[in-house]
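Novice: model this:
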Amino acid sequence: RLAESGGGSVQSGGSLRLSCATSGNIRSSSCLAWFRQAPGKEREAVAAIVTAGFTYFADSVKGRFAISQDDTKTTLYLQMDSVKSEDTAMYFCASARSCLPWWRRDHYNSWGQGTQVTVSS
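Specialist: Numbering: from 1, shown residues only. Below is the predicted model of the structure:
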């Protein structure tokens with residue numbers, strides 16, 4: 001099971017940290033990722049992390065977002081810095097057995113319910 005939290009409203013240029021609590025069999029997944037979906041758009045990959053610590057990022061968030069896990073591997077985080085209006089979306093965490101290919105939505109077999117992020121200018 002995956003449960004996101006931490007969404008909300010933030011001004012452009014500000015920061016926000018999203019959390020995703022994992023439980024059950026999800027904790028044995030090798031790949032955890034964040035996706036987002038803006039109104040009228042398809043769900044897109046934002047970032048992913050492999051159990052070993054290797055990370056992947058979409059070009060649109062490189063240098064601004066960071067993905068990490070806590071030491072117990074029970075919580076996934078997305079640190080969002082220098083946010084822009086185009087970052088406004090519902091953010092979802094997802095899990096898969098591997099991160100290859102990390103950017104494909106249909107590669108992931110478990111999803112959370114999402115948390116809304118709204119960036120105002």
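Novice: What's the mean pLDDT across stretch 51-67?
Specialist: Average pLDDT, stretch 51-67: 94.
Novice: Identify each buried residue in it, please.
Specialist: Judged by neighbour count (16 or more other Cβ atoms under 10 Å), stretch 51-67 contains these buried residues: 56, 57, 58, 61, 65, 66, 67. Glycine gets a C-beta too; all of them are placed from N, C-alpha and C.
Novice: Just send these back as a markdown table, with secondary structure and distance to residue 73 too.
Specialist: Putting the buried residues of stretch 51-67 into a markdown table (DSSP: H, G, I helix; E, B strand; the rest coil; distance: Cβ to Cβ, whole Å) gives the following:
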| residue | secondary structure | distance to residue 73 |
| --- | --- | --- |
| 56 | strand | 18 |
| 57 | strand | 20 |
| 58 | coil | 23 |
| 61 | coil | 23 |
| 65 | strand | 20 |
| 66 | strand | 17 |
| 67 | strand | 13 |
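Novice: Same list (the residues you listed) but as CSV, adding distance to residue 12.
Specialist: Output for the buried residues of stretch 51-67, formatted as CSV (distance: Cβ to Cβ, whole Å):
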residue, distance to residue 12
56, 25
57, 20
58, 19
61, 15
65, 15
66, 19
67, 21
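Novice: out of the residues you listed, what pair is the most spread apart?
Specialist: 58 and 66 (12.8 Å; Cβ to Cβ).
Novice: Residue 63 in helix, strand or coil?
Specialist: coil (DSSP: H, G, I helix; E, B strand; the rest coil).
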